[in-house]
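Fold the following for me, if possible:
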Amino acid sequence: MLQDKTAIVTGAGTGIGRAIARTLHAHGARVVLAGRRRDRLDATAALLGDRTRVVPTDVTVPDQVQALAAAAAEFGQGRIDILVNNAGVMRFAPFQQADEAHWQTLMDVNCWGPRRLMTAVLPAMRGGGGSIVNIASIAGEHAFPGAAAYGAAKRALRHVSQVLAMEEAAHGIRVNVICPGVVEDTDLLDGAVPAEKQAGFLTTFAGLHPLGRNGKPDDVADAVLFFASPLSRWITGAVLPLDGGRHLATNRPKLD
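I've put the predicted structure just below:
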């Protein structure tokens, strides 16, 4: 479905990003792998094989974002067809303990970083259309204790995405948002939950998803493929809850 398309995937060195890159590549795309850690990007590239390019990028550094867009356009012979803003950071803190640095980090990585990259790729998308897929979070849709900054950043990303979807529709550029629930087999929890508590965290949250489990990276990758492909050609500005029904549920235990 993505033959001859050029895609950028941020956070492509591990977990969800690696699964997204693998899925887009399997469907024919040339994939530019972006992230901060060169060694992990190289490992993803080795897994995928040809039609890949590694571009180490910190999305909080404007010059690096511009360099990524330029490298992707060159790789795509002037075109960028797909952008997946997956890179993110998760931190929790009670409202009164979340200082300026906490808020700045979460906003810069989770909202301003994607905004920088969307701005950078638009010139190479206009004229032929394209698909931008932004990975937000259920935390941007519902209030969770300790997640004020994280949720605010993800909610802001949703709003920015929908405004851009309106503004770029005339150019055939679609912008959609995916809001995952808790996803296993990623390193996103590493900065948010102590290592010794992560197993318990995942077990607890599995039971809060009505479908009875946490997500997997491939669950997110398949949703990205839908939005990146012609299957969603008449969809823009959509917000997809990808959470096993978690957005429908309360925290109350099931009643016998």
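
Tell me the buried residues in stretch 115-125?
Residues of stretch 115-125 classed as buried by neighbour count (16 or more other Cβ atoms under 10 Å): Arg115, Arg116, Leu117, Met118, Ala120, Val121, Leu122, Ala124, Met125. In short, each C-beta sits where N, CA and C put it, glycine included.

same question, stretch 225-235
Leu225, Phe226, Phe227, Ala228, Ser229, Ser232.

likewise stretch 190-210?
Neighbour-count burial for stretch 190-210 [16+ other Cβ under 10 Å]: Ala192, Val193, Leu202, Phe205, Ala206, Leu208, His209.

Just the ones in helices from those residues, please.
Judged by DSSP state H, helices contain the following of these: Leu202, Phe205, Ala206.

Tabulate the residues you listed in TSV, adding columns for distance to Ile8 and pLDDT.
Shown next, in TSV, are those (distance: Cβ to Cβ, whole Å; pLDDT from 0 to 100):
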residue	distance to Ile8	pLDDT
Leu202	29	92
Phe205	30	87
Ala206	32	91
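
Show me which of those residues is closest to Glu168.
Phe205 (35.2 Å; Cβ to Cβ).

Number of residues surrounding the closest residue to the closest one other than its chain neighbours?
Nearest non-adjacent residue to Phe205, counting by Cβ to Cβ, 6 or more residues apart in numbering: Val182, 4.3 Å away. For Val182, the number of neighbouring residues by other Cβ atoms under 10 Å comes to 23.

Which strand or helix spans the nearest residue to Ser137 once chain neighbours are set aside?
Spatial nearest neighbour of Ser137, excluding adjacent residues (Cβ to Cβ, 6+ apart): Lys154 at 4.3 Å. Assigned by DSSP states H and E, Lys154 belongs to helix 148-168.

Could you point out which residue ranges in the stretch 51-200 of the chain have low pLDDT?
Within the stretch 51-200 of the chain, no stretch has pLDDT under 70.

quick one, strands of it?
Here the stretch 51-200 of the chain has its strands, by DSSP state E, counting those that start in this stretch, at 52-56, 82-85, 130-135, 173-180.

Among these, pick out the one with the most neighbours on average.
strand 82-85 (a mean of 30; mean count of other Cβ atoms under 10 Å).

what packs against it?
Counting by 3 or more Cβ pairs under 8 Å, 6 or more residues apart in numbering; DSSP states H and E, the packing neighbours recorded for strand 82-85 are strand 6-10, helix 15-26, helix 113-125, strand 130-135, helix 217-228.

one more time with 7 Å
Applying 3 or more Cβ pairs under 7 Å, 6 or more residues apart in numbering; DSSP states H and E, one finds that strand 82-85 contacts strand 6-10, helix 113-125, strand 130-135.

In TSV: these, plus distance to Ala29.
Shown next, in TSV, are the helices and strands packed on strand 82-85 (distance: least, Cβ to Cβ, whole Å):
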stretch	distance to Ala29
strand 6-10	5
helix 113-125	14
strand 130-135	11
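
Tell me which of these sits nearest to Pro145.
Set against Pro145 and scored by Cβ to Cβ, these come closest in strand 130-135, at 22.5 Å.

Just list what that closest one packs against, helices and strands only.
Using 3+ Cβ pairs under 7 Å, 6+ apart, strand 130-135 sits against strand 82-85, strand 173-180, helix 217-228.
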